[in-house]
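[1] Sequence plus the predicted model coming up.
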Amino acid sequence: MKTRFLIYTAVIVLGVLHSCDKIEEGEYLKDDAYIWNGRKIVILDMTGHKCGHCPRGHEVITELITKYGDAVVPIAIHGTSNARPETQDTALPFHYDFRTDIGDFLTGRDSPGYYGDLFLPTGIVNSYAVEKLSGYYNWETQLAEYIALYPEFLIEIEANTNIADSSINCSVKTITNMDNARKISLTVLVVEDHIIQWQKDYNSNPENIEDYEHNHVLRAGFNGAFGEIINKNNSLATVGQEITKSYSIKQNPNWVIDNCMIVAFVYDNDTKEILQAEVFPLKK
């Protein structure tokens, strides 16, 4: 059964920006607390089910979602030795394997990965850059740097799941929303919510929690850890310019498709800053 879904971020009329020095209260004010103009912010949460401090990072992400809603796009990347299962016996704790090829590449499995020798929990707000790694106590401050910015790009996603061959097929359209000369890349991932498995939590008694709910869990990538360059030459991209890419991936039998989503985001290939993201919920 085919499912179609288009996600649109509101297009802001630039002329209004240039003609007003002050944004009228209530025009873009959200919940009387902050201004959000449609730019979504990715948080890469490096975590592990055997990391006893990692639930503090999960709690911060929950708080940020509660406060900022759809503006926050978290991705939980299980990695390092903290993600290694302790057993294959499903009757015993920590048997589940959250690891992925992308997670192993970025965080390491038995040796340091792309981001070096990590001490979890750690993460990156709206970037791929190594120097942007930070603790969860900094994430809201860093998110605040982006929350009121206007999106330079918009993203639309179409997708379907094919029962016959267990595939997930998607088309991702990146639309220029502001003139720019950036070299941009696109990353497309599968993420899953509501995975009930073991988690160590040093603030809990007992510290090994059997029915912990793991959310925003990275499952796989359609186009690799860093995606692919879709605008290679830094030539001027004008408002309305579109680039569409199509992908397909096999479902893993461990995934619950109704709890899965496609996360797509574009980033500046030179600075590694993530410029916009969108989320597409998958259904059977």
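    Arrived safely.
[2] C-alpha only now, for contacts and for neighbours.
    OK.
[3] And the helices in the protein?
    14-19, 54-68, 101-107, 139-143 (DSSP state H).
[4] How about the longest one, which residues are buried there?
    Along helix 54-68, the positions that meet the burial threshold by neighbour count (16 or more other CA atoms under 10 Å) are 54, 55, 56, 57, 58, 60, 61, 62, 64, 68.
[5] Likewise for the shortest one?
    By neighbour count, with 16+ other CA under 10 Å as the criterion, the buried positions of helix 139-143 are 139, 143.
[6] quick revisit: between the helices of the chain, which one is nearest to residue 189?
    Residue 189 lies closest, by CA to CA, to one member of the helices of the chain: helix 101-107, at 9.8 Å.
[7] Quick one: list the elements packing against that closest one.
    Here helix 101-107 touches strand 217-221, going by 3 or more CA pairs under 8 Å, 6 or more residues apart in numbering; DSSP states H and E.
[8] re earlier: and the buried residues of helix 54-68 as CSV, adding pLDDT?
    Formatted as CSV, the buried residues of helix 54-68 follow (pLDDT from 0 to 100):
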residue, pLDDT
54, 98
55, 98
56, 98
57, 98
58, 98
60, 98
61, 98
62, 98
64, 97
68, 95
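[9] Which of the helices of the chain sits closest to residue 206?
    Among the helices of the chain, helix 54-68 sits nearest to residue 206 (CA to CA), with 14.1 Å.
[10] which other residues reach the closest one?
    For helix 54-68, the surrounding residues in contact (CA atoms under 8 Å, 6 or more residues apart in numbering) are 45, 47-48, 71-72, 74, 120-122, 136-137, 140, 201.
[11] next one: stretch 36-45
    9-10, 12, 28-30, 57, 70-77, 121-127, 143, 146-151, 274-278.
[12] Filter those residues down to the buried ones.
    9, 57, 71-77, 121-127, 143, 146-148, 150-151, 274-278.
[13] Now, the residues you listed that are in strands?
    Under the assignment DSSP state E, the buried ones among the contacts of stretch 36-45 contribute 72-77, 122-125, 274-278 to strands.
[14] can you tell me which two in the residues you listed are farthest apart?
    Within these, 122 and 278 form the most distant pair, 22.8 Å apart (CA to CA).
[15] any low-confidence regions in this protein?
    The chain contains residues with pLDDT under 70 at 1-33, 284.
[16] Neighbours of the closest residue in space to residue 283 that isn't next to it in sequence, how many?
    Distances taken as CA to CA, 6 or more residues apart in numbering put residue 258 closest to residue 283, at 4.7 Å, once the chain neighbours are dropped. By the measure other CA atoms under 10 Å, the count of residues near residue 258 is 12.
[17] Thank you kindly, that will do.
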